[in-house]
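Colleague: could you look at this predicted model? Sequence included:
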Amino acid sequence: MPTTTRVKKYVDDVIRRARVPMEPFDHVVRWDEQPRRHKVFPHAEQFEMPIGEKSDGSLADAFSPASAEPGALLDIPALGRALHDTYGLLSRRLRVTGNDDASNKTVSAVSTYARGAANGGGLYPLEFYWVSGASARQLPGVYHWNTAAGSLQRLLVGDASDRVRDALGTACETDQFLLVTVKLWKNAFKYNSFSHHVVTMDLGTVLATLSMTGLIGGAEHRLPRLWFDSARLDALLGLDSLDETTLAVLPLPPGTGTPSPGSTAADAGARLLESERFPGSTRFAQVVEVMRDTFADTDTPVIDAVSARTSTGVMLSLPPAVETALALGLSDLLAARRSSFGTFSSSPPLDLAELAHVLRTADRGARLETDAGRAGFARLAVFCNHVAGVAPGAYVYDRDADALVCVDEEDPGLFLQATYFLDNYNVEQAAAVLAILVPVDDVLSAGGSRCVRLMNAVVGAATQSAYLAAADRGLACGAALGFDNVAYAERLGLIGTGEWPLIMIMIGHDRGDQADFAAPLDLDAKEQL
């Protein structure tokens with residue numbers, strides 16, 4: 001499973017893009033031709049997707065789900081709840097922020113809605129397809145989950161589960177699968193060749209959230225699969241792989257029924273086509289190369305051997321965990337997650353126990369488990385601006401010692417603002433800025449080309465976990481990719497190690513003069529209005 005030089009070059013170009021822009025240099029974002037935010041299949045039969053009770057377990061409970069029993073059966077309302085809480089529309093929000101789309105949010109025609117999973121640019125390009133065999137109570141077939149309506153749209157009739165198992169190439173004792181795809185143009189119209197980097201992080205935010213809901217994980221037979229024959233699955237869904245492709249296969253428990261013979265789907269894929277306002281998309285040469293190389297890499301690696309680097313220096317032990325005052329259940333916590341664009345305030349300073357909670361949670365999220373094993377290669381750095389009892393400076397989190405290792409005690413405020421090249425965050429006002437560090441060279445060399453997806457998914461999972469940890473403490477949070485990765489690596493002494501910071505996550509307190517409007521869309525929440 002060799003890593004191609006094209007994949008390595010793409011990642012290197014992403015890392016250095018603040019200093020050397022990526023091609024194309026003349027890309028223009030045409031917002032008036034933005035693809036639909038939600039897929040529309042006008043000729044597909046549509047069915048209600050039941051939504052189960054809210055998950056009222058704590059964030060700590062979500063990281064310690066009960067082990068999935070081999071004999072467990074599919075709970076369709078629980079599946080509906082997991083999808084709804086992760087990628088469904090939860091509320092409409094209005095707030096004056098530093099983000100460049102703040103004025104749009106007051107206009108119904110272009111308003112955006114909050115969802116449970118963090119997402120690059122708020123574009124939400126992932127799609128969900130349920131390949132349901134004959135053991136479930138509905139007609140076997142391929143169903144698309146409509147993110148806007150929360151309903152199912154049937155695209156193909158017949159049991160296609162054998163085709164999924166064949167594509168996985170491994171034994172799988174179920175006929176129920178959730179396929180997660182990315183419709184690349186939903187993101188690439190804005191981010192062009194940078195899009196592949198963004199959407200694979202989006203995959204991680206979704207996998208982390210679905211794991212917290214208990215839909216996936218908890219046992220080896222319930223782990224998300226990232227290595228498979230992409231061409232077979234994309235053909236089943238009727239997709240052109242360079243426009244939309246399968247990123248993950250999530251095995252679900254079988255249904256309560258018994259598969260019946262004679263219900264196998266035809267070899268052809270789904271024939272119902274989506275409707276798009278502005279058909280067509282632009283393909284970017286570097287992304288096409290990376291995608292083709294990841295398609296060819298189908299052998300599952302064992303990534304456990306790639307471990308996080310360690311640092312030596314003066315250590316600051318972190319205070320023990322304390323109970324949250326908010327005590328929100330997971331469903332409500334996902335609904336409360338938000339990005340605090342430009343609304344951070346340095347006063348009051350962040351309590352060290354609050355920082356510790358976010359660090360521990362993000363670190364746990366980074367240990368994403370897939371068919372390649374449990375990832376343990378990522379670690380966290382943190383720049384402390386306004387943290388009570390901590391000298392301003394740069395630190396690395398040591399998970400084994402549960403401590404901060406001091407890199408330097410130079411006030412990072414001006415550095416952080418100068419190395420952020422967008423204008424929607426006041427980085428100096430954030431109490432702390434986390435950076436997820438990944439030994440890029442080691443991961444790609446050990447795992448092959450497709451490990452670029454896993455690597456970024458780990459970063460996305462850690463980011464989603466940090467968001468939820470902040471919401472769990474009533475803190476402000478915001479993640480961004482528009483920073484100088486190389487400058488961060490220089491400041492942390494990482495140049496030459498092959499380890500790079502891939503995302504920055506700001507946490508702290510919000511300004512106290514915010515005027516918020518929130519209109520929940522969840523049925524349970526509507527009853528409280």
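Modeller: Received it, and whenever you're ready, just let me know what you need.

Colleague: so residue 436, which of the three states?
Modeller: Classification of residue 436 using DSSP: H, G, I helix; E, B strand; the rest coil returns strand.

Colleague: show me how the record splits the chain into domains.
Modeller: 27-90+119-296, 315-510 (automatic domain parsing).

Colleague: distance across the longest one, terminal residue to terminal residue?
Modeller: Right, domain 27-90+119-296. 29 Å (C-alpha to C-alpha, to the nearest Å).

Colleague: residue 331 looks like it's in a helix, true?
Modeller: Yes - the assignment for residue 331 by three-state DSSP puts it in a helix.

Colleague: which residues touch the closest residue in space to residue 350 that isn't next to it in sequence?
Modeller: In this structure, residue 350 finds its nearest non-sequential neighbour in residue 431, 3.5 Å apart by C-beta to C-beta, 6 or more residues apart in numbering. Yep, even glycine has a C-beta here, placed from its N, CA and C like the rest. Listed by C-beta atoms under 8 Å, 6 or more residues apart in numbering, the contact set of residue 431 reads 344, 346, 349, 350, 355, 384, 385, 386, 387, 507, 508, 509.

Colleague: grab the nearest non-local neighbour of the second one.
Modeller: It stands for residue 346. residue 386 (4.4 Å).

Colleague: all helices for the stretch 301-450 of the chain, in order.
Modeller: 330-336, 352-366, 413-418, 440-447 (DSSP state H, counting those that start in this stretch).

Colleague: pretty sure residue 508 sits in a strand.
Modeller: Yes - under three-state DSSP, residue 508 falls within a strand.

Colleague: from residue 379, how far out is it?
Modeller: As judged by C-beta to C-beta, to the nearest Å, residue 508 and residue 379 stand 21 Å apart.

Colleague: try residue 47
Modeller: Where residue 379 is concerned, residue 47 sits at a distance of 45 Å (C-beta to C-beta).

Colleague: higher neighbour count, these two?
Modeller: residue 379 (23 against 14; other C-beta atoms under 10 Å).

Colleague: need the contact list for the more buried one.
Modeller: Residue 379 sits in contact with 308, 309, 363, 366, 396, 397, 399, 436, 437, where contact means C-beta under 8 Å, 6+ apart.

Colleague: please redo it, this time with the cut-off set to 10 Å
Modeller: Residue 379 makes contact with 307-311, 363, 366, 396-399, 435-439, 462, 499, according to C-beta atoms under 10 Å, 6 or more residues apart in numbering.

Colleague: buried ones among these?
Modeller: 308, 311, 363, 366, 396-399, 435-439, 462, 499 (16 or more other C-beta atoms under 10 Å).

Colleague: once you drop chain neighbours, what's closest to residue 41?
Modeller: Here the residue nearest residue 41, using C-beta to C-beta, 6+ apart, is residue 153, at 4.8 Å.

Colleague: can you map out the strands along the stretch 51-200 of the chain?
Modeller: Counting by DSSP state E, counting those that start in this stretch, the stretch 51-200 of the chain has strands at residues 91-94, 113-114, 126-132, 141-145, 151-157, 176-183.

Colleague: of all those strands, which one comes closest to residue 317?
Modeller: With C-beta to C-beta, the closest approach to residue 317 among those belongs to strand 113-114: 36.7 Å.

Colleague: could you point out the longest helix in the protein?
Modeller: helix 451-472 (DSSP state H).

Colleague: now it: how far from the chain's centre is it?
Modeller: For helix 451-472, the distance from its own C-alpha centre to the chain's C-alpha centre is 6 Å (C-alpha atoms, centre = their mean, to the nearest Å).

Colleague: so residue 39 touches residue 276, yeah?
Modeller: Yes - Residue 39 is within contact range of residue 276, at 8.7 Å (criterion: C-beta atoms under 10 Å).

Colleague: okay, and the common contacts of the two?
Modeller: Joint contacts of residue 39 and residue 276 (C-beta under 10 Å, 6+ apart) are residue 183.

Colleague: of these two, who's got more company?
Modeller: Comparing residue 39 with residue 276 by other C-beta under 10 Å, the one with more neighbours is residue 39, at 21 against 14.

Colleague: can you tell me which residues contact that one?
Modeller: Residue 39 touches 127-128, 144-148, 153, 183, 186, 244, 274-276, counting by C-beta under 10 Å, 6+ apart.

Colleague: spatially nearest residue to residue 388 (excluding sequence neighbours)?
Modeller: Leaving aside its sequence neighbours, residue 388 is closest to residue 349 (4.5 Å, by C-beta to C-beta, 6+ apart).

Colleague: ok, now which ones touch the one you found?
Modeller: Shown in contact with residue 349 (C-beta under 10 Å, 6+ apart): 384, 385, 386, 387, 388, 389, 390, 431, 432, 508, 509.

Colleague: isn't the last one up against residue 385?
Modeller: Same thing as residue 509. No - look at residue 509 against residue 385 with C-beta under 10 Å: they stay out of range, at 11.6 Å.

Colleague: list the residues that contact both of the two?
Modeller: The overlap between the contact sets of residue 509 and residue 385 (C-beta under 10 Å, 6+ apart) consists of 344, 346, 349, 350, 429, 430, 431.
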